[in-house]
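Novice: what would the 3D arrangement of this be:
(2 chains)
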Amino acid sequence: MAEVTLRKVVKRYDDVEAVRGIDLDIPDHEFVVLVGPSGCGKSTTLRMIAGLEDISDGEIMIGGDVVNDVPPKDRDIAMVFQNYALYPHMTVAENMSFGLRLKHYPKAEIKQRVTEAARMLDITDLIDRKPKQLSGGQRQRVAMGRAIVRNPKVFLFDEPLSNLDAKLRVQMRIEIKKVHQKVRTTTVYVTHDQVEAMTLADRVVVMNHGRIEQIGPPNELYHRPATKFVAGFIGSPAMNFIPCRIEESGGLLQVCVGDTIALPIPPDRTARYRAIPRDTKLLLGLRPEHLVDAQSNPSATFQPFDATPDVVEPMGMETFVYFPLDGAQLCGRINPGIDAKAGAPLRLAVDLNHMHLLNETTGQVL
Amino acid sequence: MTSVTLDKAGPSRKTKVGSMSRDRKWAMRWSYVFLTLFAIFFLFPPIYMFITSLKESAEISAATNPWWVYNPTLSNYIELLTSSQFLTFFKNSALVSIFVVIITMLISIPAAFALARMRFWGSATLATGVFLTYLIPDTLLFIPLFKMFATFAQWTGIELINHWWVLIIVYPTLTVPFCTWIMIGYFASIPKELDEAAIVDGASWMQTLLRIFVPVALPGIIAATIFAFTVSWAQFLYPLAFTSSVDQQVLPTGIITTLIKGDVFNWGQIMTGALLGAAPPLIIYAFLMDYYISGLTAGATKG
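Specialist: Numbering: from 1, shown residues only, chains lettered A, B, ... in the order given. Next comes the predicted model:
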């Protein structure tokens, strides 16, 4: 096991810069998830760590050694691919032991490692089957088993659950977490699914346009996003962004939306927000769970306002309402017991203790 | 009410299923008609050869029904199979074909792997170049090749012409480009993650080729093997140009040069020789076809 370090890593394809000088320190044992939209450079970064892509500039270190020019086979890494990449002519046991056989491990040790990994992944009964006789979930377990038996310094996962159905994805997510808790191998995991990122990671790395937007534990990213991109990418449904301005009236700092809504800013934020130049174009960032129905939340911290939902989505344990406000389409989360109907007025309330104020021009959270 | 609804739904579904199955039935009937016509058309010559091979020369030249054997005999088979010349032709053909297949595979498989997978400068151009060489007809090549061999003999004193083994050098110029080309296509269809997984697992390029690509691409390799064998076995022009002594000849030219004496055609033996000559490729097809199954990559990736 080892730490992984990226220093100013760049990947260029002709004139296109896919990865633009990223720095990342992954300590030993950590589970790091690279997350971002398609084309953000997360898979390229993973493939550069694996050695499957050359690095255009910068340095990658595994266990303190620079591995820029070290071929993948000598990096002591194991990788799990999105589409499993099992050897179709080999049995499950042969697939799992392929790496060990190449390195001429003693037969007894190979058998012991394969048996142990198979038991860990609950695929002991499938050991003599060929990949075509397995289901998608079983194949992905075998792919993980192939990585585990080698006991590598680093595990690399390239969107391993994307090909599975929703139910299996949740199951396999738990399996991956369990495996990591057992083996504690440093893991870099790539996904475009922010739920996977939040649930699996010790730290999440949010990437966009070849750059790292923010690195942090899942909760920090959720509650204290650094940029509009992170705020909008993490969380489902996504954070609402409403054009707003700050006004001071009678010594009270208010955030104003349109001409009708003026909400008092919580006292602990006034000093910070008062320093913002008045001509700054601002966005009010609010997560759906902080836009709630007024009836169930009568406390003073919630500021009520009226809205007319145009879509109501009952989810069972919660109901999402979508409504327009000053040109923006917002999503709120209300008590499922409230009888909300599309087109009917609804009294909502906003909890400004969890508000975010963003600079619309720079995208920075203020 | 319910029965009315059912009645309404019933016929419409029946019509739909009925029309689909009727279309399929007609498609099948036409397929069988055309397949039968093609089978008859292509089986005509071998059947005629077989019938003729069972006749004496006198019966062949007699004005009787050519599609019937009145006095069946195996004398043509016995004579040919006990003739040392025919066995020499057979041995030469077999040796040439086996060596050509081996050489072709030894060159084509690594070449196709390199061109399909190892990204290097000019690999795409090279791959196209390989195919372009196949497009040059062999009728254009045998004269320059003949000249090259003559020059080679002048420089080194080693005579290449009129030796059966010269065909082992010549035939790969026909088989290697095509086999490389079809295997480039086959290798390219193997998911890239498969070799990446092998490389991450610690395999070298050669190990990836031998332990992953060759087993996975076996149907493609078998197709290429069949092609290389058939080309070597049935090639006529090159052995005609490069070999002349009877003991250096291969089957296609040997049968023609020894069984046609002046304007006397020994049709019975010619047909027998041609039939016996066609047997090895047939046996190889039949044997390898069992292994020539597609979908060997099933299960490798999400599919």
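Novice: what does the stretch 51-200 of chain B have sitting close to chain A?
Specialist: The interface of the stretch 51-200 of chain B toward chain A, taken as Cβ under 8 Å from any Cβ of the partner chain, is made up of B:191, B:193-194, B:196-200. To be clear about C-beta, it is placed using only N, CA and C from the backbone, and glycine gets the same treatment.
Novice: would you turn these into CSV with neighbour count and distance to residue A:220?
Specialist: Below are these laid out as CSV (neighbours: other Cβ atoms under 10 Å in any protein chain shown; distance: Cβ to Cβ, whole Å):
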residue, neighbour count, distance to residue A:220
B:191, 19, 38
B:193, 21, 34
B:194, 23, 39
B:196, 20, 34
B:197, 28, 35
B:198, 25, 39
B:199, 21, 37
B:200, 28, 32
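Novice: restricted to helices, list these.
Specialist: Of those, the ones assigned to helices by DSSP state H are B:193-194, B:196-200.
Novice: looking at these, which is nearest residue B:238?
Specialist: Using Cβ to Cβ, the shortest approach to residue B:238 within those belongs to residue B:194, at 38.7 Å.
Novice: just give me how far the helix or strand hosting residue B:255 sits from the chain centre.
Specialist: In this assignment (DSSP states H and E), residue B:255 forms part of helix B:251-259. Offset of helix B:251-259 from its chain centre (Cα atoms, centre = their mean, to the nearest Å): 21 Å.
Novice: need the contact list for the residue of the stretch 251-366 of chain A found nearest chain B.
Specialist: Across the stretch 251-366 of chain A, no residue is closer to chain B than residue A:315, which sits at 29.6 Å (Cβ to the nearest Cβ). Listed by Cβ atoms under 8 Å, 6 or more residues apart in numbering or on different chains, the contact set of residue A:315 reads residue A:336.
Novice: quick one, phi psi at it?
Specialist: In terms of degrees, to the nearest 10, the main-chain angles of residue A:315 are phi -110, psi 0.
Novice: if we can go back for a sec, now the element after the helix holding residue B:255, going C-ward?
Specialist: Per DSSP H and E, helix B:251-259 leads on to strand B:260-261 as the next helix or strand towards the C-terminus.
Novice: now do the domain split for chain A, please.
Specialist: If the domains of chain A are taken from automatic domain parsing, they occupy A:4-226, A:240-359, with pieces of a single domain joined by a plus sign.
Novice: ranking those by burial, who's on top?
Specialist: Per-residue neighbour counts averaged over each of those give the maximum for domain A:4-226, namely a mean of 19 (mean count of other Cβ atoms under 10 Å in any protein chain shown).
Novice: how far does it stretch from start to finish?
Specialist: Using Cα to Cα, to the nearest Å, the end-to-end distance of domain A:4-226 comes to 24 Å.
Novice: so is it next to chain B?
Specialist: Yes - applying Cβ under 8 Å from any Cβ, one finds domain A:4-226 touching chain B at A:50-52, A:71-73, A:77-79, A:81-89, A:98-99, A:102-103, A:130-134, A:136, A:139, A:146, A:150, A:163.
Novice: the closest residue to residue B:192 other than its chain neighbours: neighbour count?
Specialist: Here the nearest residue to residue B:192 in space, its sequence neighbours aside, is residue B:117; by Cβ to Cβ, 6 or more residues apart in numbering or on different chains that works out to 7.9 Å. Applying other Cβ atoms under 10 Å in any protein chain shown, we find 18 other residues in the vicinity of residue B:117.
Novice: OK, contacts around residue B:117?
Specialist: Shown here is residue B:117, whose contacts under the criterion Cβ under 8 Å, 6+ apart are B:187, B:192, B:195, B:213.
Novice: shouldn't the last one be within a helix?
Specialist: Yes - secondary structure of residue B:213 (DSSP: H, G, I helix; E, B strand; the rest coil): part of a helix.
Novice: ok, it - how many residues close by?
Specialist: If you count neighbours by other Cβ under 10 Å, residue B:213 ends up with 27.
Novice: can you tell me how far it is from residue B:188?
Specialist: Using Cβ to Cβ, to the nearest Å, we find residue B:213 at a distance of 11 Å from residue B:188.
Novice: swap in residue A:22?
Specialist: Shown here: residue A:22 relative to residue B:188, a distance of 32 Å by Cβ to Cβ.
Novice: any weak-confidence spans in chain B?
Specialist: Counting by pLDDT under 70, the low-confidence segments of chain B come to B:1-20, B:290-303.
Novice: got the domain ranges for it?
Specialist: If you go by automatic domain parsing, the domain ranges for chain B are B:2-53, B:75-289.
Novice: residue A:51 against residue A:62, yeah?
Specialist: No - counting by Cβ atoms under 8 Å, residue A:51 stays clear of residue A:62, with 9.6 Å between them.
Novice: joint contacts of the two?
Specialist: Joint contacts of residue A:51 and residue A:62 (Cβ under 8 Å, 6+ apart) are A:75, A:77.
Novice: quick one: the helices in the stretch 101-250 of chain A?
Specialist: Listed from the start of the chain, the stretch 101-250 of chain A has helices (DSSP state H, counting those that start in this stretch) covering A:107-120, A:136-149, A:166-183, A:194-200, A:218-223, A:228-233.
Novice: okay if I get those as TSV plus mean pLDDT?
Specialist: Putting those into TSV (pLDDT from 0 to 100) gives the following:
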stretch	mean pLDDT
helix A:107-120	92
helix A:136-149	89
helix A:166-183	86
helix A:194-200	90
helix A:218-223	92
helix A:228-233	91
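Novice: can you lay out the ones you listed as CSV showing distance to residue B:240?
Specialist: Below are these laid out as CSV (distance: least, Cβ to Cβ, whole Å):
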stretch, distance to residue B:240
helix A:107-120, 57
helix A:136-149, 55
helix A:166-183, 65
helix A:194-200, 68
helix A:218-223, 78
helix A:228-233, 73
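Novice: so which of those comes closest to residue B:51?
Specialist: If you check each of the helices of the stretch 101-250 of chain A against residue B:51 by Cβ to Cβ, helix A:136-149 wins as the nearest, at 55.9 Å.
Novice: show me how far the closest one is from its chain's centre.
Specialist: 22 Å.
Novice: packing partners of it?
Specialist: Secondary structure elements in contact with helix A:136-149, counted by 3 or more Cβ pairs under 8 Å, 6 or more residues apart in numbering or on different chains; DSSP states H and E, are strand A:77-80, helix A:92-102, helix A:107-120, helix A:166-183.
Novice: report pLDDT for the closest residue to residue A:138 other than its chain neighbours.
Specialist: Ranked by Cβ to Cβ, 6+ apart and with sequence neighbours excluded, the top spatial neighbour of residue A:138 is residue A:126, at 6.0 Å. The per-residue pLDDT reported for residue A:126 equals 91.
Novice: hey, least reliable of the domains of chain A by pLDDT?
Specialist: Lowest mean pLDDT of the domains of chain A: domain A:240-359, a mean of 87.
Novice: just the helices in the stretch 51-200 of chain B please.
Specialist: So, for the stretch 51-200 of chain B - with DSSP H, counting those that start in this stretch - the helices run B:57-61, B:75-82, B:84-117, B:123-135, B:138-156, B:166-170, B:172-188, B:192-200.
Novice: tell me the angle the last one makes with helix B:84-117.
Specialist: In this structure, helix B:192-200 runs at an angle of 90 degrees to helix B:84-117, with axes from the mean of the first three to the mean of the last three Cα atoms, to 10 degrees as the basis.
Novice: by contact count, what packs against helix B:192-200?
Specialist: In terms of contacts (3+ Cβ pairs under 8 Å, 6+ apart), helix B:192-200 is packed against strand A:77-80.
Novice: does the residue nearest to residue A:138 touch residue A:145 like I think?
Specialist: No - the pair residue A:126 and residue A:145 fails to qualify as a contact (Cβ under 8 Å) at a distance of 9.7 Å.
Novice: any common contacting residues for the two?
Specialist: A:92, A:118.
Novice: neighbours of residue B:138, just the number please.
Specialist: Residues near residue B:138, counting by other Cβ under 10 Å, number 17.
Novice: now it: how far from residue B:162?
Specialist: With Cβ to Cβ as the criterion, residue B:138 and residue B:162 are 19 Å apart.
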